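Engineer: Predicted model follows, preceded by the sequence.
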Amino acid sequence: MLEKTYIYLKTITLKQLKMNFKKVASFSLLAYINDSSIGVNTFEDIFIPIVKSSLCRMQWDGFQNGKSTMEIKKYVDQTYALDIPVPLLRTLLEMISNEVNNKEGGSFTLYQDGSFQISSYIFSNYEEVLNERELELEEVNKLYNTFLESNNLNPTDEPSIFDYIDQSRLSLSKYFAYKEDKLLEVEFVHQANFINSVKQNKKIYEILRRVYLGSIMSAYLEVEIGVAGDKLELVLDTNFIIGILDLNSEESTHTCRKILEIVSRLGYTASVLPFTLEETKMLIDRKALQLEGAFFQGFLDPESIYNAAKRKGLSKTQLQQIGANLEGILRSEYNVNLIANDDKYRNLAKYKYTEILEFYKSIRKTAGFSAHHDATAIAYVKEKRDIRITYDNIFKAKCWFVTNTHQNVAIPGNDRGLPEIIRADDMLNVLWLSNPNVTALVGSSELSVLGLTRLVSNTISYSLPSTRVLRMLDENFTKYGGTSITADDTLMVASMIARKQIVDVEGLTKVDEENPINFINTVKQYAEHGREEEKKLQESMTGVLKAFEELVKVKQDEKAEKENTLLEKEEDYKSKILALESDNKKLKNILILGGIIVLSMTWWTFDNFFFTILMHGLKNYWLVKLAGQLLMIALSAALFNNKYRTVSISATVALTTTMIALLKR
């Protein structure tokens with residue numbers, strides 16, 4: 001039984017994507033530019049350095065002019081693997097042209113027909129930083145492959161870790177491009193587990209965080225975000241309210257509350273239907289009644305109410321109190337607008353939007369109440385929008401049904417542009433990309449850490465067996481565990497299920513049908529095998545992490561040595577300059593002294609030949625002679641030292657005037 005059940009999930013429905021390292025490195029570079037930039041007004045400013053760098057490369061390759069901006073786009077695409085739309089590229093080039101040509105010596109000109117000219121201006125270059133990013137990403141990829149191999153997985157059969165991190169961008173881009181929620185149909189649980197395994201390593205996690213942030217930022221190139229308007233209403237789904245109440249994961253709560261904070265700061269409205277309040281109360285009450293016997297559901301699913309109750313130490317009674325006080329909590333603590341009556345929209349869902357109601361019934365199967373609720377919310381949004389408009393960006397639509405789920409969003413047919421329903425993660429990313437004011441409320445570091453941890457949490461939750469199977473497992477452990485199955489055994493089995501090391505969980509729940517002893521023995525076998533594998537994995541990862549840390553230290557030492565060498569060269573250069581200046585000063589002083597001597601000799605020689613004859617018998621003869629000598633000294637100082645030129649000129653004028661006055665006497 002153990003050999004058949006203890007397997008790893010290797011079947012995926014998508015070939016491994018060979019993520020372009022250049023593109024991933026560009027994601028990391030975008031994050032670097034964002035984190036190091038000051039005074040960024042729009043996200044367009046983030047892409048200006050990349051375009052400048054491409055112009056720099058064109059200069060090196062001998063390009064002085066071109067006939068079309070497509071020539072520049074080719075360099076951007078080749079260097080950074082980022083597909084910048086032509087209209088945006090044109091805008092960026094105009095901004096660069098205006099910037100450099102407003103400075104003295106500016107030399108990049110963009111003409112109306114798209115032709116351009118580059119002269120002597122040296123643009124900023126980020127290729128060295130890009131190469132550094134590629135090298136560190138390769139090291140992380142080696143670490144990731146070691147993790148997979150330690151879990152008996154073939155790296156060539158698994159999506160790359162960077163494909164996984166890129167899921168949020170893909171979700172956002174495909175939502176706006178195809179007007180439907182198209183996530184890759186791949187089990188990413190191993191990738192999520194890898195991130196969890198290296199989360200405590202600050203260097204590695206920072207690398208992954210930057211890739212996530214840059215990935216989201218690159219969505220700016222693909223999605224028609226639009227300009228934030230004056231009005232926007234977000235109609236909150238049941239699971240969004242559960243998130244606000246901190247009854248999901250901490251990341252889910254952070255996301256939902258952050259959206260409400262942005263909505264409040266920008267003067268938008270967050271609303272909730274009475275139908276949604278009913279559904280939320282029913283859900284909380286049902287989970288409260290099942291709380292005591294829900295170990296596996298609470299331990300495994302980070303997005304479940306059971307997990308939140310365990311994390312916060314909530315009892316059944318406390319959960320029920322939250323449900324009873326729901327309206328007051330939403331109104332007073334989170335400023336949510338409680339819609340007074342939604343009978344109109346419930347009826348519209350039944351009689352006007354019947355195709356939407358039938359769509360949700362097909363999704364919900366037996367849950368007719370939930371299907372009617374979702375159809376009612378969609379009806380509300382449709383009625384709030386202008387049916388004459390085909391919406392192409394999120395702000396024009398003005399009203400949205402926001403759901404907080406890790407599942408694919410079920411979107412009914414839509415022929416008026418964008419759908420009515422959107423995932424909370426996508427909404428937060430759109431708000432962040434839309435308005436520079438929002439970045440003040442959600443910093444790039446906060447957004448990327450939140451997004452990455454939320455991605456991992458959602459992945460693990462999505463990959464778990466059904467609630468029914470987990471409930472059966474809880475019942476079996478309660479009935480047959482007794483003192484034979486320890487708490488450590490139970491935790492190990494739960495961890496193995498979460499890591500997909502036990503795939504046939506439903507088969508495990510049926511082992512007891514023949515003999516309860518079989519269930520106990522199978523659980524003990526799983527637990528023992530899991531401990532052995534966990535030990536091997538820890539040893540393997542410890543070795544690789546140590547090698548990674550040593551490599552990082554070597555790189556840092558090399559960088560520090562290079563910087564020290566450059567610093568020493570700079571200091572040596574400064575010393576030589578100072579020595580040269582000192583020598584020049586000595587030479588200058590010698591020249592001044594020599595000049596004075598020469599002029600003095602000239603004066604005395606001139607005096608011997610002419611003054612004896614011309615000034616013989618002059619009463620002020622020696623005073624005139626002394627003034628003449630001082631005049632020569634003043635002239636010498638003026639000629640050889642700029643520092644004393646003003647004083648020397650003043651002295652020269654004064655001495656000349658004195659001599660003339662003495663001669664007149």
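Structural biologist: Ah, there it is.

Engineer: For the stretch 451-600 of the chain, which segments are assigned as helices?
Structural biologist: With DSSP state H, counting those that start in this stretch, the ranges of helices along the stretch 451-600 of the chain come out as 467-480, 487-498, 505-509, 516-606.

Engineer: Test my guess that residue 476 contacts residue 519.
Structural biologist: Yes - counting by CB atoms under 8 Å, residue 476 does reach residue 519; the two are 6.2 Å apart. Any C-beta I mention is one placed from the backbone N, CA and C, and that applies to glycine too.

Engineer: ok, residue 127 to residue 89 distance?
Structural biologist: 19 Å (CB to CB, to the nearest Å).

Engineer: Please say which of those two ends up with more neighbours.
Structural biologist: Taking neighbours as other CB atoms under 10 Å, residue 127 and residue 89 compare with residue 89 leading, 19 against 15.

Engineer: for that one, what are its contacts?
Structural biologist: Counting by CB atoms under 8 Å, 6 or more residues apart in numbering, residue 89 touches 51, 69, 72-73, 76.

Engineer: and the helix or strand containing residue 372, C-alpha only, in CSV?
Structural biologist: Using DSSP states H and E, residue 372 maps to helix 368-384. Output in CSV follows, covering the C-alpha atoms of helix 368-384 (Å, rounded to 0.1, in the frame of the first residue of the first chain):
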residue,chain,number,x,y,z
GLY,A,368,-28.0,27.2,-5.4
PHE,A,369,-27.8,29.9,-2.7
SER,A,370,-24.2,30.8,-3.5
ALA,A,371,-25.0,30.8,-7.3
HIS,A,372,-27.9,33.2,-6.7
HIS,A,373,-25.6,35.4,-4.5
ASP,A,374,-22.9,35.7,-7.2
ALA,A,375,-25.5,36.4,-9.9
THR,A,376,-27.0,39.1,-7.7
ALA,A,377,-23.7,40.8,-7.2
ILE,A,378,-23.0,40.7,-11.0
ALA,A,379,-26.4,42.1,-11.6
TYR,A,380,-25.7,45.0,-9.2
VAL,A,381,-22.4,45.8,-11.0
LYS,A,382,-24.1,45.7,-14.5
GLU,A,383,-26.8,48.0,-13.4
LYS,A,384,-24.3,50.5,-12.0
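
Engineer: for that helix, which positions count as buried?
Structural biologist: 370-382, 384 (16 or more other CB atoms under 10 Å).

Engineer: One more: stretch 489-499?
Structural biologist: Those would be 489-490, 492-499, for stretch 489-499 by 16+ other CB under 10 Å.

Engineer: can you check stretch 87-95 too?
Structural biologist: Those would be 89-90, 92-93, 95, for stretch 87-95 by 16+ other CB under 10 Å.

Engineer: Also stretch 346-364?
Structural biologist: Buried-residue list, stretch 346-364, by 16+ other CB under 10 Å: 346, 348-349, 353, 356-357, 359-361, 364.

Engineer: coming back round to it: for the contacts of residue 89, which one is nearest residue 62?
Structural biologist: Nearest to residue 62 among those: residue 72, at 14.6 Å, using CB to CB.

Engineer: Is it correct that that closest one is in contact with residue 93?
Structural biologist: Yes - with contact defined as CB under 8 Å, residue 72 counts as touching residue 93 (6.8 Å).

Engineer: okay, and the common contacts of the two?
Structural biologist: 51, 116.

Engineer: what is the mean pLDDT for whichever strand or helix holds residue 143?
Structural biologist: Secondary structure from DSSP H and E places residue 143 in helix 127-150. Throughout helix 127-150, pLDDT has a mean value of 83.

Engineer: what's that helix packed up against?
Structural biologist: helix 21-36, helix 69-80, helix 161-165, helix 189-198, helix 202-218, helix 516-606 (3 or more CB pairs under 8 Å, 6 or more residues apart in numbering; DSSP states H and E).

Engineer: looking at these, which has the lowest confidence?
Structural biologist: helix 516-606 (a mean of 70).

Engineer: show me what contacts the nearest residue to residue 341 once chain neighbours are set aside?
Structural biologist: Distance criterion CB to CB, 6 or more residues apart in numbering; nearest residue to residue 341, sequence neighbours excluded, is residue 274 at 6.8 Å. By CB under 8 Å, 6+ apart, the residues touching residue 274 are 338-342.

Engineer: Which ones among those residues map onto strands?
Structural biologist: Mapping these onto strands (DSSP state E) picks out residue 338.

Engineer: Using ChimeraX, define a selection of the buried residues within the contacts of residue 274.
Structural biologist: Buried residues within the contacts of residue 274, by 16+ other CB under 10 Å, are selected in ChimeraX with:
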select :339,342
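
Engineer: got CSV for the contacts of residue 274, with distance to residue 301 and pLDDT too?
Structural biologist: Output for the contacts of residue 274, formatted as CSV (distance: CB to CB, whole Å; pLDDT from 0 to 100):
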residue, distance to residue 301, pLDDT
338, 29, 94
339, 31, 94
340, 35, 91
341, 35, 93
342, 30, 93
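
Engineer: And the contacts of residue 274, which is closest to residue 539?
Structural biologist: Nearest member of these to residue 539, counting by CB to CB, is residue 338, at 55.7 Å.

Engineer: Pretty sure the closest one sits against residue 327.
Structural biologist: Yes - using CB under 8 Å, residue 338 is in contact with residue 327, at 6.0 Å.

Engineer: Name the residues contacting each of those two.
Structural biologist: With CB under 8 Å, 6+ apart, residue 338 and residue 327 have common neighbours residue 277.

Engineer: Which residue is the nearest non-sequential neighbour of residue 79?
Structural biologist: Going by CB to CB, 6+ apart, residue 79 has residue 54 as its nearest residue, at 5.6 Å.

Engineer: For the residue positioned nearest the centre of the chain, give me its contacts.
Structural biologist: Nearest residue to the geometric centre of the chain (CA atoms, centre = their mean): residue 213, 2.0 Å. By CB under 8 Å, 6+ apart, the contact set of residue 213 is 27, 30-31, 34, 444, 447-448, 451.

Engineer: Out of those, the closest to residue 291 would be?
Structural biologist: residue 451 (30.0 Å).

Engineer: Check whether the closest one really touches residue 425, as I assumed.
Structural biologist: Yes - using CB under 8 Å, residue 451 is in contact with residue 425, at 7.0 Å.

Engineer: Can you check which residues contact both of those two?
Structural biologist: By CB under 8 Å, 6+ apart, the residues touching both residue 451 and residue 425 are residue 168.

Engineer: circling back: the residue nearest to the centre of the chain and residue 450, how far apart?
Structural biologist: On the measure of CB to CB, residue 213 and residue 450 end up 11 Å apart.

Engineer: One more: residue 468?
Structural biologist: 31 Å.

Engineer: Those two - which one has more neighbours?
Structural biologist: More neighbours surround residue 450 than the other of residue 468 and residue 450, with 20 against 10 (other CB under 10 Å).

Engineer: That one touches residue 254, doesn't it?
Structural biologist: Yes - counting by CB under 8 Å, residue 450 does reach residue 254; the two are 5.5 Å apart.

Engineer: a helix runs through residue 406, doesn't it?
Structural biologist: No - the assignment for residue 406, made by DSSP: H, G, I helix; E, B strand; the rest coil, is coil rather than a helix.

Engineer: Identify the residues contacting it.
Structural biologist: 303, 457-459, 461-462 are the contacts of residue 406 under CB under 8 Å, 6+ apart.

Engineer: Burial check on residue 502, number of neighbours?
Structural biologist: Residue 502, neighbours per other CB under 10 Å, totals 23.

Engineer: ok, now how distant is the nearest residue to residue 279 once chain neighbours are set aside from residue 301?
Structural biologist: Distances taken as CB to CB, 6+ apart place residue 238 nearest to residue 279, at 4.8 Å, with adjacent residues excluded. Residue 238 sits 17 Å away from residue 301, going by CB to CB.
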